[in-house]
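Novice: Coordinates for the following, if possible.
(2 chains)
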Amino acid sequence: MNLFAEVREAVVDALDRMAAEGALPHGLDLAAVAVEPPRDPAHGDMATNAAMVLAKPAGQPPRTIAEGLAQRLMDDPRIEGADVAGPGFLNLRLVPAVWQGVVRDILAEGTGYGRSGLGRGEKVNVEFVSANPTGPMHVGHVRGAVVGDALANLLAFAGWKVTREYYINDGGAQVDVLARSAYERYREACGLEPEIREGLYPGDYLIPVGEALKAKYGTSLLDQPEGVWLAELREFATAMMLQMIRDDLDALGVRMDVYSSEKALYGTGQIEAAIAELREKGLIYEGTLEPPKGKEPEDWEPRVQTLFKSTEYGDDVDRPVKKSDGSWTYFAPDIAYHYNKVKRGFDQLIDIFGADHGGYVKRMKAAVAALSQGRVPLDIKLIQLVKLYKGGQPFKMSKRAGTFVTLRDVVDEVGADVTRFIMLTRKNDVALDFDFDKVLEQSKDNPVFYVQYANARINSVLRKAREAGMAVDDTTLLAADHSTLSHPAELALLKKVAEWPRLVEIAARNNEPHRVAFYLYELASDFHGFWNRGNDESSLRFVQEDISLSQAKIALARAVGVVICGGLAILGVTPVEEMR
RNA sequence: GGCCCCGUAGCUCAACGGAUAGAGCGUCCCCCUCCUAAGGGGAAGGUUGCAGGUUCAAGUCCUGCCGGGGUCACCA
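Specialist: Predicted coordinates for the structure are as follows:
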């Protein structure tokens, strides 16, 4: 249903015919031939670069190829114009019926319009959030959560089989700190004065954990040495923290398919097996690293460690998998975890990391390349900071945790829909400003409002028509005579919605869900512009005296609404029916 | 110092290697009370940080600089 892909097929077909007729050499590589919307509408509906791409391999001037191509494309009933322009572009104009047919396609498919088979059912694993289970999610996690979830939606829409996964970092020292912090809250619950020493987690969110511990253990753990309770509390507290994180994610509308535990990798031989696999490939050795140049740590001393030869796969230095005392570094379970994902049969892996983890990209890719024989690509998206503001002023206060603004703070303040949309209004690797006041503003500056308002207006038209006694259900609108949608403004709007399937594919190919948000904003903008024209030209209003004319126009509005709703669904944002 | 990301209009940001680099805000000018309304139309505004290179074609790819941010074994 991607019109651009369909026309590209026609172009390829015409090129094949030219080859068959001797106008072009046989066996040309057509991979670079593209059909895309021109920047300037005056250049027509679609443009192809075929002649320019093929000029050199075919040994012919671009214009010769373009003219031959134009002549053959004119045989296609969908194409009413083919002009050679510029350095060799072939600009195509399509008959209105093609664009009018888009209304039918959209109404027939509903919000599934734009679905693609691009992913060919391949399995992709999207790992995101993966926050330490030591406290509530904070704003820093929200953007990653939204980007990951929207990306997962997008890839599913584009034909991949998607698994959303959360890697629980419950194997390191930070969960010991959690356990000790919880122990102090437990003492507090027992009526003693808690000693929240430096280095422990001070947040109030551990108070309920202390109370739960008292309910379970009574006073039996008081005055017991750490060795007695540490493992037990670690287990208990991380379970509660994880539940809290799940609830937080739930409030944001994010549901993971799989939670993988780092701790569960220990003692099962998985880490050993992953390292053994690398060792077998000659990628593990005992060695000493050079200190980093230019910035030598104060306490640097050469140590013999077990190293992974990640430089074989493009990393800058080899990375330790064992500390000098022989225990695993954090990197070792990470390797094992990614090996585990490879072994589970994923065709593609995606990790969503905070930008502060940028230093781990190369080593992680090296590990996956080594363990999958280069067969499984790993794409890592780094998520830049979110800076909070309120009324233009930096905002750092937290209601709950004291030191940081939590996910709950944000969602409670502005709602999950607004949060999600705004988080997608920037490309992932650019910092984002989030102003609690601005995101709720009802104005054109606010993209969430602007898109929602377009949808509300569309619903308003439908309501209005229904009140006037007109049948405007999708079946009726589908059967309307769309050939009356011939005004340039109507055709322009149709061309915009027709770009949706193509946009889905581009966004999915690049793993960039923000493109969907930008597209929806553009579509909404076009729709509002069209709406406003109706003020001056009553013939462009949706509701007309003539019922069948109205139904065609309302079908157009409905088509725009369906695409907006489909796009919002990918972002995980609930469409608003009516502005309040 | 090494590595990674960013640098595009006064500001905030877009742009699958495609044509004359686009939006919003702000500025300036004009219009308006109109199906749903929190406005509408138009104008000015650019050497895409700098210098090379690849390409029919570079904001986009490569190299080197400049500026900002992040990160740098034995923490996750």
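Novice: what's the neighbour count on the nearest residue to A:Phe518 once chain neighbours are set aside?
Specialist: Of all residues not flanking A:Phe518 in the chain, A:Thr425 sits nearest, at 7.6 Å (Cβ to Cβ, 6 or more residues apart in numbering). Placement of C-beta: from N, CA and C, glycine included. If you count neighbours by other Cβ atoms under 10 Å, A:Thr425 ends up with 17.
Novice: Name the nearest residue to the residue of the stretch 51-200 of chain A at minimum distance from RNA strand B, ignoring sequence neighbours.
Specialist: Nearest residue of the stretch 51-200 of chain A to RNA strand B (Cβ to the nearest atom of the strand) works out as A:Gly172 at 2.7 Å. Excluding its sequence neighbours, the residue lying closest to A:Gly172 (Cβ to Cβ, 6+ apart) is A:Tyr330, at 6.1 Å.
Novice: domains for chain A, by residue range?
Specialist: Domain assignment for chain A by automatic domain parsing gives A:3-94, A:174-251, A:447-571.
Novice: could I get these as a markdown table with mean neighbour count and distance to A:Lys309?
Specialist: Formatted as a markdown table, those follow (neighbours: other Cβ atoms under 10 Å; distance: least, Cβ to Cβ, whole Å):
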| stretch | mean neighbour count | distance to A:Lys309 |
| --- | --- | --- |
| domain A:3-94 | 17 | 35 |
| domain A:174-251 | 17 | 29 |
| domain A:447-571 | 19 | 28 |
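Novice: I'd like to know how far the residue nearest the centre of chain A sits from A:Trp160.
Specialist: In chain A, the residue lying closest to the centroid (Cα atoms, centre = their mean) is A:Leu151, at 2.5 Å. Per Cβ to Cβ, to the nearest Å, A:Leu151 is found 10 Å from A:Trp160.
Novice: Show me what from the stretch 301-450 of chain A comes close to RNA strand B.
Specialist: Residues of the stretch 301-450 of chain A lying close to RNA strand B (Cβ under 7 Å from any atom of the strand) are A:301-303, A:305, A:316, A:320, A:323-325, A:329-331, A:355-362, A:382, A:384, A:426-427, A:429-433, A:442-445.
Novice: separation between the residue lying farthest from the centre of chain A and A:Lys214?
Specialist: In chain A, A:Asp223 marks the outermost C-alpha relative to the chain mean, sitting 49.4 Å out by Cα atoms, centre = their mean. Relative to A:Lys214, A:Asp223 is positioned 14 Å away (Cβ to Cβ).
Novice: Disregarding residues adjacent in the polypeptide, which is nearest to A:Val95?
Specialist: Per Cβ to Cβ, 6+ apart, closest to A:Val95 is A:Glu80, 4.8 Å.
Novice: Checking that neighbour next. Helix, strand or coil?
Specialist: strand (DSSP: H, G, I helix; E, B strand; the rest coil).
Novice: do the same with the one 10 residues further on
Specialist: Using three-state DSSP as the criterion, the local structure at A:Leu90 reads strand.
Novice: So what sits opposite it in the bridge?
Specialist: In this structure, A:Leu90 bridges to A:Thr48, A:Val84 when assessed by DSSP bridges.
Novice: Identify the residues contacting it.
Specialist: Listed by Cβ atoms under 8 Å, 6 or more residues apart in numbering, the contact set of A:Leu90 reads A:47-48, A:50-51, A:66, A:69-70, A:73, A:82-84.
Novice: Please, where are all the helices along the stretch 251-400 of chain A?
Specialist: Using DSSP state H, counting those that start in this stretch, the helices assigned to the stretch 251-400 of chain A run over residues A:270-280, A:331-343, A:361-371.
Novice: The second one - what's its average pLDDT?
Specialist: Meaning helix A:331-343. Across helix A:331-343, pLDDT averages out at 96.
Novice: Export the helices of the stretch 251-400 of chain A as CSV, with columns for mean neighbour count.
Specialist: CSV is the format used below for the helices of the stretch 251-400 of chain A (neighbours: other Cβ atoms under 10 Å):
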stretch, mean neighbour count
helix A:270-280, 17
helix A:331-343, 22
helix A:361-371, 22
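Novice: which one of the ones you listed lies closest to A:Asp40?
Specialist: helix A:361-371 (38.5 Å; Cβ to Cβ).
Novice: what's in contact with the closest one?
Specialist: Here helix A:361-371 makes contact (Cβ under 8 Å, 6+ apart) with A:274, A:277-278, A:281, A:283, A:308, A:310-316, A:319, A:331, A:334-335, A:338-339, A:342, A:349, A:351, A:353, A:376, A:378, A:380, A:382.
Novice: just checking, next helix/strand downstream of the lowest-mean-pLDDT helix or strand in chain A?
Specialist: Lowest by mean pLDDT, DSSP states H and E among the helices and strands of chain A is strand A:393-394, with a mean of 82. Later in the chain than strand A:393-394, the nearest helix or strand by DSSP states H and E is helix A:407-414.
Novice: which residues sit against that next one?
Specialist: A:136-139, A:141-142, A:145, A:248, A:251-252, A:398-400, A:419, A:434, A:436, A:439-440.
Novice: and the helix or strand following that helix, how far from the chain's centre?
Specialist: Remark: after helix A:407-414, the chain's next helix or strand is helix A:416-423, criterion DSSP H and E. Computed by Cα atoms, centre = their mean, to the nearest Å, the chain-centroid distance of helix A:416-423 equals 13 Å.
Novice: rewinding a little: quick one: classify the residue farthest from the centre of chain A as helix, strand or coil.
Specialist: What three-state DSSP gives for A:Asp223 is coil.
Novice: Assign A:Met52 to helix, strand or coil.
Specialist: When classified by three-state DSSP, A:Met52 comes out as helix.
Novice: if I look at it, how far off is A:Leu540?
Specialist: Where A:Leu540 is concerned, A:Met52 sits at a distance of 38 Å (Cβ to Cβ).
Novice: what do you get for A:Ala569?
Specialist: From A:Ala569 to A:Leu540 the distance is 29 Å (Cβ to Cβ).
Novice: mean confidence for the helix or strand hosting A:Val451?
Specialist: Assigned by DSSP H and E, A:Val451 falls within helix A:447-467. Across helix A:447-467, the average pLDDT comes to 92.
Novice: tell me which parts of the stretch 51-200 of chain A are close to RNA strand B?
Specialist: So far as Cβ under 7 Å from any atom of the strand goes, the stretch 51-200 of chain A lies against RNA strand B at A:52-53, A:55-56, A:85-89, A:91, A:132, A:169, A:171-174.
Novice: For A:Arg185, state which of those residues is nearest.
Specialist: Using Cβ to Cβ, those come closest to A:Arg185 at A:Gln174, 16.5 Å.
Novice: give me every residue that touches the closest one.
Specialist: So A:Gln174 contacts A:132, A:134 (Cβ under 8 Å, 6+ apart).
Novice: remind me which residues of the stretch 301-450 of chain A are low pLDDT?
Specialist: A:397-403 (pLDDT under 70).
Novice: next one: chain A
Specialist: Residues of chain A that meet the criterion pLDDT under 70 lie in A:1, A:397-403, A:580.
Novice: Does A:Ala480 touch A:Ala552 like I think?
Specialist: Yes: look at A:Ala480 against A:Ala552 with Cβ atoms under 8 Å: they come within range, at 4.6 Å.
Novice: Now the common contact residues for these two.
Specialist: Counting by Cβ under 8 Å, 6+ apart, no residue touches both A:Ala480 and A:Ala552.
Novice: picking that back up, which one of the residues of the stretch 51-200 of chain A next to RNA strand B is nearest A:Thr406?
Specialist: Of those, the one sitting nearest to A:Thr406 (Cβ to Cβ) turns out to be A:Asn132, at 14.2 Å.
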